[in-house]
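Undergrad: How does the following fold in three dimensions:
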Amino acid sequence: MSTANGINNKGQVVGYVQTPYGDPTQAWAFIYWNGQLRRLPTPSGDGSVAYAINDAGMAVGRLIVPAHGAVPTQSIPVEWRGNSFTRVLTELTAQVGPAAAAAINARGDIAGYALESADLDAGAVEFGEYVVNGHAFVDHADFYAINDKGQVLGITNTGDQRVYSNGRSLPAFDPSLQPEFPSVSALDNAGEFVASIQSRNYSSVYDGSYHALALLGGQLIDPNFALINGGGWSVGTAKGVNDRGWIAANGTTPAGEFHAILLVPDTAEN
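TA: Numbering: from 1, shown residues only. Modelled structure (predicted):
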């Protein structure tokens, strides 16, 4: 089962493939480009997930290191460059709990999230960090996207969707939309975003299940109602968007199989 998580302006998509056994330490990160799916290098015995890629081909994500003895399974934020696994992102490992790098922009600024400890049962606090031009900002939020302006998309511990910049934040959604249970995933350089949402307020568009959602060109779009050659497909989550309006998404086939999906506007250059 493949899951798409991010896309750059070249149309390169990153994500991960999960084994049928559902063991995260067996997952492997991939890059998809020009019709070919390729594994990203991962240390032997570890799992990996890629969440984002910039136009230079630098991808970020996490390693999933199996438990060993008294040491629990670890999640470690990492970076790939081209065909190489390059480094652990120590900028996001200030705490001892599991962490992940979720986003990277053209300059190499990164954003991610972590737990303050590995003990979830003890109520470990979740926090996020983003590093822009060498300056680190920390908040009680999960940071999922960063654009080339240094704007960061995050979800607070209370579930609010916000756009952060230089330590300050504003609501990501127009309050008049009043979406229910949104999960914002990506932000482009125009400040447009994609998300997954469940809403009862827009019954003419949403059927109560999760749908992908995009705010592109000032318009709120459900891709399920705009598919040209995707009859029978259901686009449930939108995870990445580039400046050309291409969307990395996930959904189900007419047969009910879950797959990564690349959505390309019919006006986009192929």
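
Undergrad: Could you list the buried residues of stretch 102-115?
TA: Applying a neighbour-count criterion of 16 or more other C-beta atoms under 10 Å, one finds A102, A103, I104, N105, D109, I110, A111, G112, Y113, A114, L115 buried in stretch 102-115. Where C-beta positions appear, they are placed from N, C-alpha and C, glycine not excepted.

Undergrad: The residues you listed: which two are farthest apart?
TA: N105 and L115 (24.3 Å; C-beta to C-beta).

Undergrad: Now, the buried residues of stretch 102-115 that are in strands?
TA: Of the buried residues of stretch 102-115, the ones assigned to strands by DSSP state E are A102, A103, I104, I110, A111, G112, Y113, A114, L115.

Undergrad: can the residues you listed go into JSON lines with extra columns for distance to S75 and pLDDT?
TA: Shown next, in JSON lines, are those (distance: C-beta to C-beta, whole Å; pLDDT from 0 to 100):
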{"residue": "A102", "distance to S75": "12", "pLDDT": "91"}
{"residue": "A103", "distance to S75": "16", "pLDDT": "93"}
{"residue": "I104", "distance to S75": "17", "pLDDT": "94"}
{"residue": "I110", "distance to S75": "15", "pLDDT": "91"}
{"residue": "A111", "distance to S75": "16", "pLDDT": "90"}
{"residue": "G112", "distance to S75": "10", "pLDDT": "89"}
{"residue": "Y113", "distance to S75": "10", "pLDDT": "85"}
{"residue": "A114", "distance to S75": "8", "pLDDT": "79"}
{"residue": "L115", "distance to S75": "9", "pLDDT": "69"}
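
Undergrad: For Q161, see how far away the nearest residue to F137 once chain neighbours are set aside is.
TA: Spatial nearest neighbour of F137, chain neighbours left out: G167 (5.0 Å); criterion: C-beta to C-beta, 6 or more residues apart in numbering. Here G167 is placed at a distance of 18 Å from Q161 (C-beta to C-beta, to the nearest Å).

Undergrad: what do you get for G112?
TA: Noted for G112: a distance of 17 Å to Q161, by C-beta to C-beta.

Undergrad: Kindly report the same for F127.
TA: For F127 relative to Q161 (C-beta to C-beta), the value is 17 Å.

Undergrad: Now do the contacts for D243.
TA: Each residue near D243 by C-beta atoms under 8 Å, 6 or more residues apart in numbering is listed here: N9, D188, N189, A190.
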